[in-house]
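Q: I would like the atomic coordinates for the input below:
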Amino acid sequence: MADSQSAARFGMADRKVWCGQYIYRSKSDSEYKWAIVDKVRGVIGPDASMIDAALQYILSYRETATVIPGMRTSEQVRGNLSAADVPMSEEMKQTLRQFWIEEIEGKDFPW
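A: Here you go, the predicted model:
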């Protein structure tokens, strides 16, 4: 879809620049994104840190040699290091992997 058609369809308020490209988001895109977040939250638990779970998931693969997460404060550094000390259960890893396959892999998300 050309930029002018996209702008007309979604409105200029719904645009976001990412890597020099306009990304157009609709209300349904946002709703779907939050539905995905809610599903992940259902797997990891309501009180678990999404950041910790993401780091633990990535580190659960033996092919992963290192992870370089963004950090701005010493508190974030300590949090990331402590997340790396707690391995993700194989059951949770498999549940998240299956979720990835069914809900995310191969889909072209506009965000």
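Q: in stretch 34-52, what counts as buried?
A: 40, 44, 52 (16 or more other C-beta atoms under 10 Å). From N, CA and C alone the C-beta is placed, and that goes for glycine too.
Q: quick check, the first one in a strand?
A: It stands for V40. No - counting by DSSP: H, G, I helix; E, B strand; the rest coil, one finds V40 to be helix, located in no strand.
Q: list the contacts of it.
A: Counting by C-beta atoms under 8 Å, 6 or more residues apart in numbering, V40 touches 50, 53, 96, 99.
Q: also the last one?
A: For D52, the contacting residues are 79, 82-83, 86, by C-beta under 8 Å, 6+ apart.
Q: quick one: which of those is nearest to F109?
A: Nearest to F109 among the contacts of D52: A83, at 25.1 Å, using C-beta to C-beta.
Q: hang on, that closest one packs against A48?
A: No - assessed by C-beta atoms under 8 Å, A83 is found out of contact with A48, at 10.2 Å.
Q: before we move on, the earlier item: quick one: buried ones out of the contacts of V40?
A: Buried subset of the contacts of V40 (neighbour count, 16+ other C-beta under 10 Å): 53, 96, 99.
Q: tell me which of those fall in helices.
A: Using DSSP state H, the subset of the buried ones among the contacts of V40 located in helices is 53, 96, 99.
Q: state the pLDDT value of the last one.
A: pLDDT, the model's per-residue confidence, is 93 for F99.
Q: for it, what are its contacts?
A: Shown in contact with F99 (C-beta under 8 Å, 6+ apart): 39-40, 43.
Q: report the separation between it and G42.
A: Distance check for F99 against G42: by C-beta to C-beta, to the nearest Å, it reads 9 Å.
Q: now swap in I58 and tell me
A: According to C-beta to C-beta, I58 and G42 sit 20 Å apart.
Q: likewise for G70?
A: 26 Å.
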